[in-house]
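Visitor: A structural model of the following input is requested.
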Amino acid sequence: MKLSPLLAVLSIATALLLSPLARASEGHDHGDATPATTGPALPRFIAVSDIFELVGVLNGKHITLYLDRTADNTPVTDAQIELEVAGEKFKAEKHEDVYEVVLTAEPGPGVLPITATVAAGNEVDLLAGELDHHEEAHTDAAGPSKPWTPYAAWAIGIVAALAALFTIGRRMVSSRQRHAGDAA
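Guide: The predicted structure is shown next:
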């Protein structure tokens, strides 16, 4: 009979640990979807005119260029692009539906002026933009704002189980003392 309080505490602790607070409820699972990657975005620039829209993405010494028509956003795949980055000129090479420029060195932090001369068929246009390139700030702000919230239900369950064990232990000790006093 003395084990019944201990079994009660263990069943309460088990119920708390297996409660819906500790599991994801329906509609909160992520299924088979791949998680989205997080992290800093690569530096980019946009240069727009009446004819063309040029987007450049810097990744180290490589700039990937995406060229579209401004009117209908269709990709332009037959253009000649000459890019001037901070006074240095580069000719873009075509790779499938994008263009690529390889710089001589990775640019340092700061704002870099970009000028692009685009020739596609009979259309020639001059586009200008700026690449705002800064060193990555190493902050760990990507985590949840309250990292303790997933563990709150567990902590409450553990504290409740410990409190119940402490209370049962005290009652068992006081019960033994009374029974020992009855025998004398």
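
Visitor: what residue ranges in the protein score low on pLDDT?
Guide: The chain contains residues with pLDDT under 70 at 1-10, 13-39, 135-150, 179-184.

Visitor: at 90 what do you get?
Guide: 1-42, 60, 77, 85-87, 95-97, 105-112, 121, 131-184 (pLDDT under 90).

Visitor: okay, now the domains of it?
Guide: 1-17+149-175, 44-133 (automatic domain parsing).

Visitor: which of the ones you listed has the highest mean neighbour count?
Guide: domain 44-133 (a mean of 15; mean count of other CB atoms under 10 Å). From N, CA and C alone the C-beta is placed, and that goes for glycine too.

Visitor: ends of that one, what's the gap?
Guide: Using CA to CA, to the nearest Å, the end-to-end distance of domain 44-133 comes out at 8 Å.

Visitor: over to stretch 50-63?
Guide: One end of stretch 50-63 to the other measures 23 Å (CA to CA).

Visitor: now do stretch 85-100
Guide: Start-to-end span of stretch 85-100 (CA to CA) is 13 Å.

Visitor: which outside residues touch stretch 101-117?
Guide: If you take CB atoms under 8 Å, 6 or more residues apart in numbering as the criterion, stretch 101-117 is touched by 45, 47, 54, 56, 58, 60-63, 65, 81-86, 88, 90-93, 124-135.

Visitor: helix, strand or coil: sort out residue 167 for me.
Guide: helix (DSSP: H, G, I helix; E, B strand; the rest coil).
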